[in-house]
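Engineer: the sequence isn't on hand, but the structure is:
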């Protein structure tokens, strides 16, 4: 009788543990959709780009997340990888690099840290898209002169 009770208790504990572990994933609906870079190392994407002497589109990335696939778009193109849901975010492998995105529910942001050439970069994403065509060149009213070549004739 004691043996039967012990086996029954052990089976119940295993069942409870198995049920507890199945509910540990993030709800994909919280992170599904498009996200763009909000800050890099605590600076806005535009300010970070200005420090590098480039336009915002040069440092901007858009991540589109679905239950099965995640894509990252930048000026250099689009890369795709499989979405792995974790308890505190998602993991995606893009071009052989692992991107462990952490989801912060209180600020509704995604973030990851990247080490590159001995420098650490912390990217924070917010929901929304980014128009790369509009952000790829400085506007004329931002203090940049726009060249007028309307009278230019090429000699052959």
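Structural biologist: Right, received. Where do you want to start? Note that the structure is a prediction, hence the values are computed from the model and not measured. Numbering: from 1, shown residues only.
Engineer: so who does residue 52 touch?
Structural biologist: Listed by Cβ atoms under 8 Å, 6 or more residues apart in numbering, the contact set of residue 52 reads 58, 59. Every C-beta, even on glycine, is put in place using the N, C-alpha and C of the backbone.
Engineer: offset the numbering so it begins at 800, please.
Structural biologist: Got it, the first residue is 800 from now on, which makes the last one we talked about residue 851.
Engineer: let me see the confidence value for it.
Structural biologist: Residue 851 is assigned a predicted lDDT (pLDDT) of 92.
Engineer: quick one: find the helix or strand in this protein with the lowest mean pLDDT.
Structural biologist: Using mean pLDDT, DSSP states H and E, the weakest-scoring helix or strand in the chain turns out to be helix 801-821, at a mean of 57.
Engineer: packing partners for the helix or strand that that one is followed by?
Structural biologist: Using DSSP states H and E, the helix or strand that follows helix 801-821 towards the C-terminus is helix 827-830. Where contact means 3 or more Cβ pairs under 8 Å, 6 or more residues apart in numbering; DSSP states H and E, helix 827-830 is packed against strand 896-903.
Engineer: can you count the residues close to residue 914?
Structural biologist: 8 (other Cβ atoms under 10 Å).
Engineer: so it is in which element?
Structural biologist: Per DSSP H and E, residue 914 falls inside strand 908-915.
Engineer: what angle sits between that strand and strand 896-903?
Structural biologist: Orientation note: strand 908-915 sits at an angle of 150 degrees relative to strand 896-903 (axes from the mean of the first three to the mean of the last three Cα atoms, to 10 degrees).
Engineer: and the closest residue to residue 865 other than its chain neighbours, what are its phi and psi?
Structural biologist: In space, residue 865 comes closest to residue 831 once its chain neighbours are excluded; the distance is 5.9 Å by Cβ to Cβ, 6 or more residues apart in numbering. Main-chain dihedrals, residue 831, degrees, to the nearest 10: phi -70, psi 140.
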